[in-house]
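Undergrad: Sequence first, predicted coordinates after that:
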There are 2 protein chains.
Amino acid sequence: MDGDIRFSTFKRDVNLTMVEICREIFRNNSGGIKIQKEEVAVRSLAKILEAALRLCNRKGFASMSLRDLSRESGVSLGAMYSYFSSKDDLLRLMQGHGRSVIVRILEGVISGIDDPWIRLRRSIQAHLYASEVLQPWFYLSYMETRNFPADEFKKALESELYTERMFVDIIMDGQSRGLFRPADAELLGSAIKSMLQDWYLKRWKYTARKVSVEDYGNFMLGFIESYLMDREIS
Amino acid sequence: MDGDIRFSTFKRDVNLTMVEICREIFRNNSGGIKIQKEEVAVRSLAKILEAALRLCNRKGFASMSLRDLSRESGVSLGAMYSYFSSKDDLLRLMQGHGRSVIVRILEGVISGIDDPWIRLRRSIQAHLYASEVLQPWFYLSYMETRNFPADEFKKALESELYTERMFVDIIMDGQSRGLFRPADAELLGSAIKSMLQDWYLKRWKYTARKVSVEDYGNFMLGFIESYLMDREIS
DNA sequence: TATTTTAGAACGATCGTTCGTTTTATTTGC
DNA sequence: GCAAATAAAACGAACGATCGTTCTAAAATA
């Protein structure tokens, strides 16, 4: 449909490789990271974060010991403490990045577009595609929110509400222009979020069924648009 | 609508108090529980499981120490080991029950009903109401699946697929009778599950917004039925 | 050689679990 | 009916393992 985003072009444009992400993390955390040479730091950071995401996704942050992480990443216990100052700090390091990326992507993708139908399609697609590219990050952020230190916990909840609010705003805009049916915009926003989350929380299920990310997005959009166009009921 | 279940009557009929649940757990686990007198066992079990659910929901199973649990429940460390043989066994004890309850309820609620519209409404309402009554159990089961021992992990995934299959079967039945629009029944089943799960995973959000469980169910049903009735698009 | 980075032994705290003891409840003997 | 004897249950100190974290010496880099 008009204005749609294809996953392949999305992936090419955002270019979120592990090394690039680690480079950005390093530059934003030069205070906390004790390593000075960027190339050394980025190489070790990538090994650490890749291993940490793998272990956290498998058994959870609390059950991952730093010895596990040292073994899995190939970086010694002592060396790891040059990249973070505590286990909680490691969580902050892993978590902090994904949030800024998703906001940047979501806002970029609908800026300058007026039609609510297209805004809705594009923001859902962008959210879905971002969670596909950064799946381990999204999964971690969702499952470990409880274990975040207080300030990060608060930010995580705000982030959940912020992205939901984006959808709600688009829906209410469409309604006030008479394009969308009247319906509870907040509940529909929540439903959209929950379906988006299901994609990265249950990847095992969709992978087994050979459902692609574009299949999933198209289903979601058909489902939602059918509801918003419906004028039969109340 | 016809055949709907009200939450208040549901709650009254299933009668799932903590003491009754613990009594059933005790009777099904007489092998593993070393306490002989039912009244003593049920009383302590209720204290232990109530505290364990509270702590697990707050900080996760892995981060809950048995000393935390002892303090919170008022049952000593040693005494607790008369009710389970290891921390993993405690997880099994907490998890095992909910599953049998939900299957029993869901199947009971649609047995003997033929109309797919009513079957769909009733199974969604029953699932939602069960998760409302047993919210801490459902939350735990979802968030801690990764930490289950292998056999329990497998059962948890099967359970997820089993309840989803119930929805898919109803949808496909309705489609083959020409009542529901043609659409991907498996993806719609997944979407229904994800919305049901959002209710017990994000209670904080819905509580803050004063959305009742019946509000939520009505929204879900309107959303889904609008899609299944729609004959405009493909 | 001077500086940066890594390695892994060592430390105190806390974990799950065990176990000998004390407390509580029930049965027995008269 | 009431001690004494026995069984059931609760208790919490103690154990070995493992946790996050620190620190110093060795290795790598320039």
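TA: Looks like it came in fine.
Undergrad: didn't A:Ile118 look like it was pressed against A:Gly3?
TA: Yes - counting by CB atoms under 8 Å, A:Ile118 touches A:Gly3, with 4.1 Å between them. Yep, even glycine has a C-beta here, placed from its N, CA and C like the rest.
Undergrad: Can you give me the buried ones in the helix or strand A:Ser8 falls within?
TA: Applying DSSP states H and E as the criterion places A:Ser8 in helix A:7-14. By neighbour count with 16 or more other CB atoms under 10 Å in any protein chain shown, helix A:7-14 contains the buried residues A:7, A:10, A:14.
Undergrad: OK, contacts around the first one?
TA: For A:Phe7, the residues meeting the contact criterion (CB atoms under 8 Å, 6 or more residues apart in numbering or on different chains) are A:129, A:132, A:212-214.
Undergrad: Neighbour-wise, which one of those leads?
TA: Of all the contacts of A:Phe7, the highest neighbour tally under other CB atoms under 10 Å in any protein chain shown goes to A:Tyr129, namely 24 neighbours.
Undergrad: got the CA coordinates for the strand or helix carrying that one in PDB?
TA: In this structure, A:Tyr129 sits in helix A:116-133 according to DSSP H and E. C-alpha atoms of helix A:116-133 as PDB (Å, rounded to 0.1, in the frame of the first residue of the first chain):
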ATOM      1  CA  PRO A 116      -3.600   9.100   9.700                       C
ATOM      2  CA  TRP A 117      -4.000   5.900   7.700                       C
ATOM      3  CA  ILE A 118      -0.400   6.100   6.500                       C
ATOM      4  CA  ARG A 119       0.900   7.400   9.800                       C
ATOM      5  CA  LEU A 120      -0.600   4.400  11.500                       C
ATOM      6  CA  ARG A 121       0.700   1.900   9.000                       C
ATOM      7  CA  ARG A 122       4.200   3.300   9.000                       C
ATOM      8  CA  SER A 123       4.600   3.600  12.800                       C
ATOM      9  CA  ILE A 124       3.400   0.000  13.300                       C
ATOM     10  CA  GLN A 125       5.700  -1.300  10.600                       C
ATOM     11  CA  ALA A 126       8.700   0.700  12.000                       C
ATOM     12  CA  HIS A 127       8.100  -0.500  15.500                       C
ATOM     13  CA  LEU A 128       7.700  -4.100  14.300                       C
ATOM     14  CA  TYR A 129      10.800  -3.900  12.100                       C
ATOM     15  CA  ALA A 130      12.900  -2.300  14.800                       C
ATOM     16  CA  SER A 131      11.900  -5.000  17.200                       C
ATOM     17  CA  GLU A 132      12.900  -7.600  14.600                       C
ATOM     18  CA  VAL A 133      16.400  -6.100  14.100                       C
END
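Undergrad: got a list of contacts for that helix?
TA: A:1-5, A:7, A:10-11, A:14, A:16, A:101-102, A:105-106, A:109-110, A:113, A:138, A:163, A:166-167, A:170-171, A:173-174, A:177, A:179-180, A:192, A:196-197, A:199-200, A:213, A:216-217, A:220-221, A:224-225.
Undergrad: and what of stretch A:22-37?
TA: For stretch A:22-37, the external contacting residues (CB under 8 Å, 6+ apart) are A:38, A:41-42, A:44-46, A:49, A:82-85, A:89, A:93, A:96-97.
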